[in-house]
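# predicted model and sequence follow; I will ask about them next.
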Amino acid sequence: MKIDLNKIYNQYLSNFDGHTAIITTLFKPLDCFYIKFDILQLPHLLGLHKIYTYPPKKICANLNESIITYEKIQHHQNFGQIKDRIQYFYFILDIFLEGYNDSVIYVSDKDRDGSSMKLDIAFAHPHKNKVLTLGLRETEHSVYCPVTFYVRKNRPNERPFSNSKRAKILTLDMI
């Protein structure tokens with residue numbers, strides 16, 4: 001499968017940038033919450049900050065102009081750290097555009113402690129022998145922003161965010 005970073009950039013730009021997801025669940029703390037998207041989130045979600053020291057705005061401009069390509073970053077010493085993020089990035093599209101029918105994780109204080117990301121909400125999805133996780137942080141009351149996307153090997157006896165509450169998504173609308 002040929003990966004086109006410019007295509008990923010344009011998909012995120014047209015489907016997410018400036019949009020908000022409205023999600024409802026039956027779990028009281030997450031009965032209705034919002035996820036705000038911005039194109040400047042994309043470089044971090046793809047892990048490009050591990051290869052480029054440019055600010056997100058410059059990385060986005062380089063993605064848009066196809067200056068940063070998958071072929072070019074494959075030769076970087078940190079490519080192995082981000083390869084899965086890029087390869088499985090479609091998962092983020094699936095959550096918000098393809099009728100994701102799973103649950104959202106309300107990250108407990110116990111799971112948050114000791115984590116550098118300090119996530120408030122996560123979407124964790126098993127895929128083959130991996131777990132794909134999109135992490136969100138609260139920016140204001142009931143409003144969250146994507147801050148990380150990572151892929152880990154699925155360990156059969158280890159459940160991600162094992163101390164956290166999972167809430168079935170009732171509705172998910174993009175505005």
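Nice, I can see it.
# list the contacts for Ser108?
By C-beta atoms under 8 Å, 6 or more residues apart in numbering, Ser108 lies in contact with 161, 163-165. (Each C-beta comes from the backbone N, C-alpha and C, glycine too.)
# please disregard the earlier target; I meant Ile175.
By C-beta under 8 Å, 6+ apart, the contact set of Ile175 is 19-22.
# what residues does stretch 31-41 touch?
Contacts of stretch 31-41 (C-beta under 8 Å, 6+ apart): 9, 12-13, 16-25, 56-57, 60, 96, 121, 136, 139, 142-147.
# okay, the contacts of Ile175 in CSV with pLDDT, distance to Phe89 and neighbour count next?
Below are the contacts of Ile175 laid out as CSV (pLDDT from 0 to 100; distance: C-beta to C-beta, whole Å; neighbours: other C-beta atoms under 10 Å):
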residue, pLDDT, distance to Phe89, neighbour count
His19, 96, 17, 14
Thr20, 96, 20, 13
Ala21, 93, 17, 19
Ile22, 94, 23, 13
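# taking those residues one by one, which sit in strands?
Judged by DSSP state E, the subset of the contacts of Ile175 located in strands is 20-22.
# for Asp113, state which of these is nearest.
Nearest to Asp113 among the ones in strands among the contacts of Ile175, counting by C-beta to C-beta, is Ala21 at 27.2 Å.
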